[in-house]
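>>> model the structure of this input:
(chains A and B)
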Amino acid sequence: MTGRTDSQPANGRVLDVGIPGVADIRTLPDVGFADEWESIVLPAGMKEHLLRTVIAGVRLRPVVPFPELPLHGVLLLTGPPGVGKTTVARGLADKVARTARGPKPWTYIEIDPHELASSFLGRSQRGVSQLFASALQEHAAAGPLIVLFDEVETVFTDRRALSLEANPVDVHRAVDAALVGLDQLARRHPDVLIIATSNYADAIDPALASRADTIIEVPLPGAEARRAILEKTIAAVAAAFPGAERLLDPAVLDAAAEAAAGLDGRRLRKAVAAACAVSPQGRGDPDQVSAEDLLAALAQMGGQR
Amino acid sequence: MSVVSRTVAAIPVRTSVAAWQAVTGLLAPAGSAARGRLEAVTNIAAILITAEYTQQAPIVVIPASGPRVRIRTSHGTDAAETRAGEIPLAASPCAEPGWTMSLPCGIDDIEEIRAALDRHPGIEVRDVTDGITVDEPAEGPAAGEWSIDYEEMERP
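As a prediction, the model looks like this:
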């Protein structure tokens, strides 16, 4: 078949990475995702709230009739780039699979919306319909399923903002097809959870937003979270380059967290790497990095915002 | 879902043998016993594909568990478009022992094909104009039968 490799089945399932629009498929739990859940730093209580929200849906949807409680199993994570929405989504998927255990294992599918929306102009609708009607429906029929729809606004674009002159009618129909597919999935398969992420919540079609059971904004990290992110990152670097341990001094971490106000988690982590390149005397050796280097790198990152 | 359908591009996009190989690729993992059983009937299946019986009526696979699978072949100008839209199945219906297959065949050829399939238990031929009778598989565990691990839930 097109692009398909005859991979060995995992838990009886074929690793069908050749499906258009599917970026990743695996059986949960997954150790890599568990590490992501552990590494992500969110405001106090947010991880627990996310998990409780999903578990409540997992328990309610199969037994309470849809017309009475129209839960679509959609969790929408919004927020600026770099705050870790995708990491949260993957980690949450793993955590749900470890927490809610049924007779069959959870399958995880990650959608590449760009492939659906742009690969063949005029075929977006077909691609979206095929994804929902074939790939997602069939996996959902085989067992519980978690779907990550990253950058969901790419497919569920706000139709009010589209112009029929600038955007072919196929784009409009693709949004319609996605909504129909989502509705069918929700009604037929209560064991499907869709985690959608978006950097641009305003660009999402309101029909998707109304279908989301919960919309949670993942914020930029506060001072405490910035300190925790820096500490984790520096500790990881210091494990390989012990000289970097000097950055773990509480006073250094406090000052760095203060200086990093407004930076997202991704920039914070990159700042630790950038600090290793600040001093000409250090010659790029992470063992030589100093507190001043870290503060300088953070100041530079702040200026680039 | 009780039935899953696919269409596989055949002649002229693929030879009839290659089309059957594509069908077997959908149904069973490479190297599995089931794949071997399917490959053993390649010549017979290729005759049915060449005669376009598999366009008129589907190849039907009844797995030991899970949805029934219908596969048709497309021919001529339709085949090129079919090829672009081919996607694999979510699960291999022949991965688990106990599956059966029904191949469609015209009345003129059916006795000869039936005789050829004698040595291949579980793979049968039917008149292309006939449907098939299936026993609906027993329902699996109902959705919502969850065991919540509260210890895991509390773990950070």
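
>>> near chain B, which residues of the stretch 151-300 of chain A? Just list them.
Neighbours of chain B within the stretch 151-300 of chain A, by CB under 8 Å from any CB of the partner chain: A:188-191. From N, CA and C alone the C-beta is placed, and that goes for glycine too.

>>> flag every residue of chain B that's near chain A.
B:1, B:4, B:22, B:25-26, B:29-30, B:66-67, B:83-92, B:95-96, B:140-149, B:152-153, B:156.

>>> before we move on, the earlier item: what is the nearest of the residues of the stretch 151-300 of chain A next to chain B to A:Gln300?
The closest of those to A:Gln300 turns out to be A:Asp191 (CB to CB; 47.7 Å).

>>> all strands of the chain, in order?
By default, I'm working from chain A. Ranges of strands within chain A are A:22-27, A:74-78, A:100-101, A:107-111, A:145-149, A:192-198, A:214-217, based on DSSP state E.

>>> oops, chain B please
In chain B, the segments counted as strands under DSSP E are B:3-9, B:59-62, B:68-74, B:100-105, B:123-127, B:147-148.

>>> just checking: what are the partner strands of the second one?
Under the criterion DSSP bridges, strand B:59-62 sits next to strand B:68-74 (antiparallel), strand B:100-105 (antiparallel) in its sheet.

>>> out of the strands of chain B, point me to the one whose mean pLDDT is lowest.
Among the strands of chain B, strand B:3-9 has the lowest mean pLDDT, at a mean of 88.

>>> point me to the residue of the stretch 101-250 of chain A nearest chain B.
The stretch 101-250 of chain A approaches chain B most closely through A:Glu138 (3.6 Å), counting by CB to the nearest CB.

>>> sorry, that was for chain A
Closest approach between chain A and chain B, counting by CB to the nearest CB: A:Pro62, at 2.7 Å.

>>> helices and strands of the chain: which one bottoms out on pLDDT?
Answering for chain A, as no chain was given. Of all helical and strand segments in chain A, the minimum by mean pLDDT, DSSP states H and E falls on helix A:113-118, at a mean of 71.

>>> try again with chain B
helix B:77-84 (a mean of 85).

>>> buried residues in that one?
By neighbour count on 16 or more other CB atoms under 10 Å in any protein chain shown, the buried set for helix B:77-84 is B:79, B:82-83.

>>> between these, which is nearest chain A?
The closest of the buried residues of helix B:77-84 to chain A turns out to be B:Arg83 (CB to the nearest CB; 6.8 Å).

>>> residue contacts, A:Gln130?
When contacts are counted by CB atoms under 8 Å, 6 or more residues apart in numbering or on different chains, A:Gln130 touches A:20-21, B:85, B:87.

>>> how does it look with 10 Å?
A:19-21, A:116, A:123, A:136, A:177, A:181, B:85, B:87 (CB atoms under 10 Å, 6 or more residues apart in numbering or on different chains).

>>> now the helices for the stretch 1-150 of chain A?
Here the stretch 1-150 of chain A has its helices, by DSSP state H, counting those that start in this stretch, at A:31-39, A:46-60, A:85-99, A:113-118, A:124-130, A:137-142.

>>> what would the strands paired with strand B:59-62 look like in a markdown table with distance to A:Arg226 and mean neighbour count?
Shown next, in a markdown table, are those (distance: least, CB to CB, whole Å; neighbours: other CB atoms under 10 Å in any protein chain shown):
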| stretch | distance to A:Arg226 | mean neighbour count |
| --- | --- | --- |
| strand B:68-74 | 53 | 22 |
| strand B:100-105 | 61 | 23 |
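
>>> and of the ones you listed, who's closest to A:Gly143?
strand B:68-74 (17.0 Å).

>>> and the closest one with strand B:3-9, angle?
Going by axes from the mean of the first three to the mean of the last three CA atoms, to 10 degrees, strand B:68-74 is angled at 20 degrees with respect to strand B:3-9.

>>> okay, angle between the longest helix along chain A and strand A:192-198 too, please.
Counting by DSSP state H, the longest helix found in chain A is helix A:169-188. Going by the same axes, to 10 degrees, helix A:169-188 is angled at 140 degrees with respect to strand A:192-198.

>>> centre of the chain to helix A:169-188, how far?
21 Å (CA atoms, centre = their mean, to the nearest Å).

>>> picking that back up, as TSV, the strands of chain A with distance to A:Gly57, mean neighbour count and mean pLDDT would be great.
As requested, the strands of chain A are exported to TSV (distance: least, CB to CB, whole Å; neighbours: other CB atoms under 10 Å in any protein chain shown; pLDDT from 0 to 100):
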stretch	distance to A:Gly57	mean neighbour count	mean pLDDT
strand A:22-27	21	18	87
strand A:74-78	8	24	94
strand A:100-101	10	20	94
strand A:107-111	17	24	92
strand A:145-149	12	25	94
strand A:192-198	7	25	94
strand A:214-217	8	15	93
